[in-house]
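got a sequence here, can you model it:
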Amino acid sequence: MLNWDHVFATRASRMRASEIRELLKLLDRPEIISFAGGIPDPALFPTQAFEAAYAEIFAGGQAASALQYSVSEGYLPLRQWLQKEMARLGIECGVDNIFITSGSQQALDYLGKLMLSPRDTALVNWPTYLGALQAFNAYEPTYDQLSFGNRTPDSYRAAADNAGGEVKFAYLSSDFANPTGQTVTQEERLALLSLADELDVPIIEDAAYQHLRYNGEAVRAILSLDIERSGSIEDTRTIYCGSFSKTLAPGLRVGYVVAATPVIRKLVLMKQAADLHSSSINQIAITHVAERHFDAQVAKIRGAYSARRDAMLKALAAHMPAGTSWTEPEGGMFIWVTLPEGLDGTELLARSVETEKVAFVPGQAFFADRSGTNTLRLSFSCANEAMIAEGIKRLGRLIAGSLPAAA
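Okay, the predicted model is just below:
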């Protein structure tokens, strides 16, 4: 028999199963209250709007182009709509600065492939988005912890040099981050831009949750701040990654990158070599729905998710034992819980699913160095208020019973 491990490239050894994707299988078990998958509630999808969009595509003369090959840059009317949407966010750009991807996950994979050589360093938060680590891992990087104001540029350079490469970029989720729910302040964004200047590296701004703000003042996108100080998007170092997955529908797999044209040109070449272009019909359908329903859809999901976030915060305050702490996000889909010292999130999950029928994601998965064993991520997006109240009550009971003093 062929020894497949022998023929696989060395990068294959860096590919790991996603703990989150495996946990999504629990959603098929009706007895499980799941706070695991950071996914939109399908009950909130604009299904009628998409039904009308696809019907119009086939009835209105767009069927041929919708079913045909298309340009790698993306559907022009969609990029034109995004150009206007970016302007509302303070990001002045042209359509040539916008590139359509098959979900923002593809954008992260392309950017890792474009910039990382083996042993190069990617700066990421501790913790950070698991999907970003998976995307970058295949290109065999080293990770260093991105911090604001606690490290000098020389310390990052020295660590990268010791690892056998260079610092290539800083990656972060800027608003309501997956997994912590936290938002990077404007002061921290400006400090990051200064650090990137010193290191002469780009910033990858993952803005998947930017539209999901429920309270508090909006913080300007890093790319917006970068354009203001540079004068033009062509002189910026920030690469903005967005998605329709959290606002309209994830199954259509439509994301986008906004950046200076030298970056966009390289990404287009990569797409030509990978999958030619993202689905034509899905891009057209997204355009139809975005043009007519985007603001109303965002308002609807903000109302629903805000109530669920509030229910989870209330339940945590009522049921978590002393020594447990959590974030209080102003938006997004996640709350990050730090357990009392000595508890292990992975071990707790096994007991939780078995005895309490509650699922979550152990926090260790989100750390590049596999630390954070006493943390976990809770998602409130797919459970109603009653389920949240009951699930957090059960989880709090389990945590309290797992403390050493209770043994």
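
now the one helix or strand Gln272 maps to: average pLDDT?
Secondary-structure element containing Gln272, defined by DSSP states H and E: helix 261-274. Across helix 261-274, pLDDT averages out at 96.

so the closest residue to Leu252 other than its chain neighbours: helix, strand or coil?
Nearest in space to Leu252, with sequence neighbours left out and distances taken as Cβ to Cβ, 6 or more residues apart in numbering, is Asn282 at 4.2 Å. For every residue, glycine as well, the C-beta is placed using N, CA and C. Each residue gets one of three states, and Asn282 gets helix by DSSP: H, G, I helix; E, B strand; the rest coil.

one step back: what helices or strands is the helix holding Gln272 leaning on?
strand 98-101, helix 104-115, strand 255-258 (3 or more Cβ pairs under 8 Å, 6 or more residues apart in numbering; DSSP states H and E).

in this structure Phe148 contacts Ala191, no?
Yes. Phe148 sits in contact with Ala191 when judged by Cβ atoms under 8 Å, with a separation of 5.1 Å.

now Gln105: how far from Leu130?
Gln105 sits 11 Å away from Leu130 when distances are taken as Cβ to Cβ, to the nearest Å.

ok, Pro250 next?
Pro250 is 16 Å from Leu130, where distance means Cβ to Cβ.

over to His288?
32 Å.

same question for Trp81.
For Trp81, the distance to Leu130 equals 30 Å [Cβ to Cβ].

pick out whichever of those two has more residues nearby.
Using other Cβ atoms under 10 Å, the more surrounded residue of Trp81 and Leu130 is Leu130, with 22 against 18.

the more buried one against Phe367, yeah?
No. Using Cβ under 8 Å, Leu130 is not in contact with Phe367; the gap is 9.4 Å.

what about the closest residue to Glu228 other than its chain neighbours, distance to Ala368?
Distances taken as Cβ to Cβ, 6+ apart put Gly90 closest to Glu228, at 7.8 Å, once the chain neighbours are dropped. In this structure, Gly90 lies at 31 Å from Ala368, with Cβ to Cβ as the measure.

chain center to stretch 90-98: distance?
Taking the mean of its C-alpha atoms, stretch 90-98 sits 21 Å from the chain's own mean (Cα atoms, centre = their mean, to the nearest Å).

and for stretch 241-256?
Relative to the chain's own centre, stretch 241-256 is displaced by 11 Å; criterion: Cα atoms, centre = their mean.

show me which positions of that stretch end up buried.
Of the residues in stretch 241-256, those buried by neighbour count under the rule 16 or more other Cβ atoms under 10 Å are 241-250, 252-256.

need the max-distance pair from these.
Based on Cβ to Cβ, the longest span within those runs between Cys241 and Ala249 and measures 17.8 Å.

isn't Leu398 up against Thr355?
Yes. Checked against Cβ under 8 Å, the pair Leu398 and Thr355 is within contact range at 6.9 Å.

higher neighbour count, those two?
More crowded of Leu398 and Thr355, by other Cβ under 10 Å: Leu398, with 16 against 12.

tell me what the helix or strand that one falls within is packed against?
The secondary structure element spanning Leu398 is helix 385-402 (assigned by DSSP H and E). In this structure, helix 385-402 packs against strand 33-34, helix 280-319, helix 345-351, strand 358-359, with contacts taken as 3+ Cβ pairs under 8 Å, 6+ apart.

give the buried residues for that helix.
Taking 16+ other Cβ under 10 Å as the neighbour-count basis, helix 385-402 is seen to contain the buried residues 387-392, 394-396, 398-400, 402.

try stretch 175-194
175-184, 188-190, 192-193.

next: stretch 75-84.
When neighbours are counted by 16+ other Cβ under 10 Å, the buried residues of stretch 75-84 are found to be Tyr75, Leu78, Arg79, Trp81, Leu82, Gln83.

quick one: contacts of that stretch?
If you take Cβ atoms under 8 Å, 6 or more residues apart in numbering as the criterion, stretch 75-84 is touched by 73, 93-95, 98, 100, 242, 254, 256, 258, 280, 283-284, 286-287, 290-291.

repeat the analysis, applying 6 Å as the threshold.
Val95, Ile98, Tyr256, Gln283, Thr287, Ala290, Glu291 (Cβ atoms under 6 Å, 6 or more residues apart in numbering).

going by distance to Ile222, which of those wins?
The closest of the contacts of stretch 75-84, once distances to Ile222 are taken by Cβ to Cβ, is Tyr256, at 15.9 Å.

by mean pLDDT, which helix or strand of the protein comes out lowest?
helix 19-23 (a mean of 61; mean pLDDT, DSSP states H and E).

hmm, who's touching stretch 297-313?
Contact partners of stretch 297-313, identified using Cβ under 6 Å, 6+ apart, comprise Leu44, Pro46, His211, Tyr214, Thr247, Ile335, Phe380, Ser381, Glu385, Ile388.

could I get these in JSON lines, plus columns for pLDDT and distance to Ala350?
Formatted as JSON lines, the entries for the contacts of stretch 297-313 read as follows, by pLDDT from 0 to 100; distance: Cβ to Cβ, whole Å:
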{"residue": "Leu44", "pLDDT": "97", "distance to Ala350": "31"}
{"residue": "Pro46", "pLDDT": "98", "distance to Ala350": "38"}
{"residue": "His211", "pLDDT": "96", "distance to Ala350": "35"}
{"residue": "Tyr214", "pLDDT": "98", "distance to Ala350": "33"}
{"residue": "Thr247", "pLDDT": "97", "distance to Ala350": "34"}
{"residue": "Ile335", "pLDDT": "98", "distance to Ala350": "21"}
{"residue": "Phe380", "pLDDT": "97", "distance to Ala350": "22"}
{"residue": "Ser381", "pLDDT": "96", "distance to Ala350": "24"}
{"residue": "Glu385", "pLDDT": "97", "distance to Ala350": "27"}
{"residue": "Ile388", "pLDDT": "98", "distance to Ala350": "22"}
